[in-house]
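**Student:** Have a look at this prediction, sequence included:
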Amino acid sequence: MSHARLASMSSSITDIGIIVSQKRFGEADKFVKILTQNHGLIDTVAKGVRRLTSKKSSHLDDLNLIKFQTNRGKEPQYLSQVETIDNFKLIKADLKKIRTCFYLMEILNGVLVINQPDEILFIKLKDFLVSLDQADGSYRNLATDFQEFLIGHLGFNRPKNNHPQSLVDYFESLIDRHLVSRQIK
């Protein structure tokens, strides 16, 4: 194999991560964005997961905490193995909690750089999801605290007000578009 071809190929990845988003691709595939513990936000392709016989499809729901492996190759890499560690089923059973999570995932998609390792962010997001999954009453402070952490951790200027609507406006100004997930009712 030529040196140029080797340079354009990347090594396989074995890591844990949280599924941030996914989009249909082709007849049976999906693009899957994963915030990983050791590699940051990565783009992957899950081949054949929209087929009824796929063994990977049940593991690739949004917000799932997964253990996965990719094949060697060019970006985006192909998911070769995936297993669910936690599916946060109590979040997914509560419309308000899932709306909060989709809002935060949309922000992460808008502000994070691909392939920028950030273990602290991964741990904070995982801790947030675990806490939200277990929360019984009000969890507004959990979401506000995570947003404030994100602003400070990524080095953005602090907004003048940390009221929930002010934070929405602030993130919309950062990503320069309206957040769609706010409209979920």
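**Tutor:** Cool, got the structure.
**Student:** what pLDDT does Ala7 get?
**Tutor:** Ala7 carries a pLDDT value of 41.
**Student:** Grab the CA positions of the longest strand along the chain and hand them over as CSV.
**Tutor:** Longest strand in the chain by number of residues (criterion: DSSP state E): strand 14-25. Listed next in CSV are the C-alpha coordinates belonging to strand 14-25 (Å, rounded to 0.1, in the frame of the first residue of the first chain):
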residue,chain,number,x,y,z
THR,A,14,-12.7,1.6,20.4
ASP,A,15,-14.4,3.9,22.9
ILE,A,16,-17.6,4.7,24.8
GLY,A,17,-19.8,7.5,23.8
ILE,A,18,-23.2,9.2,23.8
ILE,A,19,-25.3,9.3,20.6
VAL,A,20,-25.8,13.0,19.9
SER,A,21,-27.7,12.7,16.6
GLN,A,22,-28.4,10.4,13.7
LYS,A,23,-29.6,10.9,10.1
ARG,A,24,-30.9,8.5,7.5
PHE,A,25,-28.5,7.8,4.7
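**Student:** Which elements pack onto it?
**Tutor:** strand 29-36, strand 40-46, strand 65-70, helix 95-111, helix 119-134 (3 or more Cβ pairs under 8 Å, 6 or more residues apart in numbering; DSSP states H and E). (Glycine included, C-beta is placed from N, CA and C.)
**Student:** Could you check how many residues crowd around the residue nearest to Ala135 when sequence neighbours are not counted?
**Tutor:** Sequence neighbours aside, Leu142 is the residue nearest to Ala135 in space, at 6.5 Å (criterion: Cβ to Cβ, 6 or more residues apart in numbering). Leu142 has 17 neighbours, counted by other Cβ atoms under 10 Å.
**Student:** Touching, Leu142 and Asp133? I think so.
**Tutor:** No - with contact defined as Cβ atoms under 8 Å, Leu142 does not count as touching Asp133 (10.6 Å).
**Student:** Dead centre of this protein: give me the residue that sits there.
**Tutor:** The chain has Val20 as the residue nearest its centroid, 2.1 Å off, counting by Cα atoms, centre = their mean.
**Student:** ok, now which ones touch that residue?
**Tutor:** Lys33, Ile34, Leu35, Leu41, Asp62, Met105, Leu108, Asn109 (Cβ atoms under 8 Å, 6 or more residues apart in numbering).
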